[in-house]
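Novice: here is my input, please return the structure:
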Amino acid sequence: MFSRTCLAFANETPSDQANLDRVCCWISFGGNVGDVKATFDAALALLSLHCHIQLGQRSGLYTTAPMGSSAGRPFINSVCELTTKLSPLRLLNVLQCVENQLGRVRDIRWGPRTLDLDILTYGQYVHDEPDLIVPHPALTYRRFVLDPLAEVATDWRHPVSEMSARQLVARLEPRPLRVALPEISPSQLDKLSGQLRTRFPEVKLVHADVEQSDVLRVRTSSPATEGERAVIDLRRSPGDLLEQLTSTLTAALDAPQRLSDW
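Specialist: Coordinates of the predicted model:
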């Protein structure tokens, strides 16, 4: 159960949201410590207690490669639909409260974890602030959320690109996977290509002036321009550029394996 403080906060109804319409959201679940399925079930039970959250359909459970050198063993991932009258930031606070209640420890960024709950989308809302980016900035290239989403959210479209989950997955499937980095110099691009070639032979880094529609464009410091499709946003990723790209390409190239229904 929630602690008294957490449960009281979760069911708080601020006056500024009392008249909000319900919004359909997609939330990702991930974990690789302990009995992950039992933790997911406990998280759903806690979320169902909230008076402004209604749970919807959810995908099966998928096993996925760990992302980052400190992530530990493979993860289990899934996605769940919910509707809520909470604002995006208040929903985020509730999700973090559930994580904490179920043993989440934030001592290593992208480290092993009992439970990771992320807001993937909040209706058609687009928000880019230090505390929260919606849609999730990694949604366009992380197979461990796109594949579960494609399983159940057949009518879903990305709020910015208007692409379906299956279309976003399809962009990651051509080989070689062509990735453009418009914010680095050609010499730095050549160096990165050499560093990544052994681990990711199916990836080809290309120069920024390449405009083909099948090229995934990477942003390292500036936000995507309006209408830029399936951009890879590294602005909040930990580590140097080589570590960021290694983690990103792992998530983009790994094809999750479906374990079971949830």
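
Novice: which element, helix or strand, includes Asp118?
Specialist: When elements are assigned from DSSP states H and E, Asp118 belongs to strand 116-122.

Novice: that strand - contacts with which helices or strands?
Specialist: Secondary-structure packing of strand 116-122 (3 or more CB pairs under 8 Å, 6 or more residues apart in numbering; DSSP states H and E): strand 23-31, helix 88-101, strand 132-134, helix 143-152. For glycine as for every other residue, the C-beta is placed from the backbone atoms N, C-alpha and C.

Novice: mind listing the strands it pairs with, and their directions?
Specialist: Strand 116-122 has its sheet partners listed here by DSSP bridges as strand 23-31 (antiparallel).

Novice: show residues contacting the strand it pairs with.
Specialist: Outside strand 23-31, the residues within contact range by CB atoms under 8 Å, 6 or more residues apart in numbering are 39-40, 43, 56, 64, 75-85, 91, 95, 113-123, 125, 136, 144-145, 148-149, 153, 156.

Novice: would you show me how to pick out the buried ones of these in ChimeraX?
Specialist: Selecting only the buried entries of these in ChimeraX, with 16 or more other CB atoms under 10 Å as the criterion:
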select :39,40,43,64,75,76,77,78,79,80,81,82,84,85,91,95,113,114,115,116,117,118,119,120,121,122,123,136,144,145,148,149,153,156
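
Novice: now do the buried residues in stretch 128-145.
Specialist: Judged by neighbour count using 16+ other CB under 10 Å, the buried positions of stretch 128-145 are 133-145.

Novice: gap between it and the chain center?
Specialist: 5 Å (CA atoms, centre = their mean, to the nearest Å).

Novice: for that stretch, what is the average pLDDT?
Specialist: On average, the pLDDT along stretch 128-145 is 91.

Novice: what of stretch 242-255?
Specialist: On average, stretch 242-255 scores 94.

Novice: what does stretch 99-108 give?
Specialist: Regarding stretch 99-108, the rounded mean pLDDT is 79.

Novice: buried ones in that stretch?
Specialist: In stretch 99-108, counting by 16+ other CB under 10 Å, buried: 99, 101-102, 104.

Novice: perfect, that will be all.
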